[in-house]
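A.B. asks: below: sequence and its predicted model.
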Amino acid sequence: MPAVFLPRVRHRARRAAAVRRLHQAAGGEAGAEGGRLAWVKGALAGALGLLLAWLFFYGIGQALVQIPAPQDEGSAWQRR
């Protein structure tokens, strides 16, 4: 009777092996790829993100400065 359960066990073993390979491919285990300097990659990504955000808002600010100011400066109501 054990032969009946054998395909189910093999299937589970293959699924477990596939999950382990996917986990390793996704970087789940820090191996030679991660190493001691893995934090540098995160720090550089954070600094790059801050730089891009600053450039984005700086560009918006420069665009807003280019908009001409109203000529009457709030005194239009006195002319009526």
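C.D. replies: Yep, it's here.

A.B. asks: got phi/psi on Pro68?
C.D. replies: Main-chain dihedrals, Pro68, degrees, to the nearest 10: phi -70, psi 140.

A.B. asks: what about it, neighbour count?
C.D. replies: Pro68 has 5 neighbours, counted by other Cβ atoms under 10 Å. Backbone N, C-alpha and C define where each C-beta goes, glycine included.

A.B. asks: for it, give me its contacts.
C.D. replies: For Pro68, the contact set (Cβ atoms under 8 Å, 6 or more residues apart in numbering) is empty.

A.B. asks: and it, how far from Ala45?
C.D. replies: 40 Å (Cβ to Cβ, to the nearest Å).

A.B. asks: same check, this time on Val19
C.D. replies: 28 Å.

A.B. asks: same question for Arg20.
C.D. replies: In terms of Cβ to Cβ, Arg20 sits 27 Å off from Ala45.
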